[in-house]
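Q: Provided below are the primary sequence and the corresponding predicted coordinates.
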Amino acid sequence: MGDSPFRPEHFRRADETADDLFYSVPRLVTHIDDEAIAAATRFYGEMLPEGEPILDLMSSWVSHLPESKKYESVTGLGMNAEELAANPQLASFVVQDLNREPRLPFADRAFGGAVVTVSVQYLTSPVEVFREVGRVLRPGGPFIVTYSNRCFPTKAVAMWQALNSREHADLIAMYFQLSGAFGSPLACDLSPNPGRTDPLFAVMARAVGEAEEPTKPA
């Protein structure tokens, strides 16, 4: 995988107080508009395998997974127990601060797919988290990261805030590549009505199997 190109200052935030304090108050709101939510749901429905257990990472009170698809189960991991308990799509959930503990509390190959919805900008150890997602995914399982142009600015890392939407895709692709756990990442513009509704983008890659080689950073 080579040496990381990142430095600590890339992941500094304006608000470095404990994240569990910031997220202690439940926020039962959505962070993108209805059109962007529908675009995310359609993409998840196309890419996530039915009949498999799904991991909703950095989850909240809504998972945005399609109701028409049947998954074995959906497990959420997030920061606020009240938000997670209000999510009707979750069969179970874990409260965990990934910035304090990037290791996921799940067995190897426990899931058939995983998503992070408009939250990747808050990770301070993203390569470690992506590596862990690769560990808990079954070979070929997709990890889908969607993002928009919205965030809590005091908690988004400095590097995210310095980049534009196209560069965000390159950054997420780099997380995938540096983790050493995935094949080639694919970036998609899912924006439903550019200039009129919230933009939405996705970067996804599939977990490598025993006989496969992860992609190498250039």
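A: It's in. Values in this document were obtained by computation on a predicted structure and should not be read as measured data.
Q: averaged pLDDT, the strand or helix carrying Glu128. What do you get?
A: Element membership for Glu128 (DSSP states H and E) is helix 126-136. Regarding helix 126-136, the rounded mean pLDDT is 98.
Q: list the helices and strands whichever helix or strand comes after that helix packs on?
A: Downstream of helix 126-136, the first helix or strand assigned by DSSP H and E is strand 142-147. Helices and strands touching strand 142-147, by 3 or more Cβ pairs under 8 Å, 6 or more residues apart in numbering; DSSP states H and E, are helix 34-47, strand 113-117, helix 126-136, helix 165-179, strand 201-206. All C-beta atoms are positioned from the backbone trio N, CA, C, and that covers glycine.
Q: for Leu190, find the nearest of those.
A: Evaluated over those, closeness to Leu190 peaks at helix 34-47, with 4.5 Å, by Cβ to Cβ.
Q: what does whichever helix or strand comes after the closest one rub up against?
A: Using DSSP H and E, the next helix or strand after helix 34-47 towards the C-terminus is strand 53-59. The contact list for strand 53-59 (Cβ atoms under 8 Å, 6 or more residues apart in numbering) reads 48, 63, 65, 71-79, 83-84, 87, 89-90, 93, 98, 106, 110-117, 119-120, 122, 129, 133, 136-137.
Q: what's the angle between the helix or strand following strand 53-59 and helix 126-136?
A: Moving toward the C-terminus from strand 53-59, the next helix or strand (DSSP H and E) is strand 73-78. Relative orientation of strand 73-78 and helix 126-136, computed by axes from the mean of the first three to the mean of the last three Cα atoms, to 10 degrees: 160 degrees.
Q: packing partners of strand 73-78?
A: strand 53-59, strand 92-95.
Q: okay, buried residues for it please.
A: By neighbour count on 16 or more other Cβ atoms under 10 Å, the buried set for strand 73-78 is Val74, Thr75, Gly76, Leu77, Gly78.
Q: which residue lies nearest the spatial centre of the protein?
A: Val116 (2.1 Å; Cα atoms, centre = their mean).
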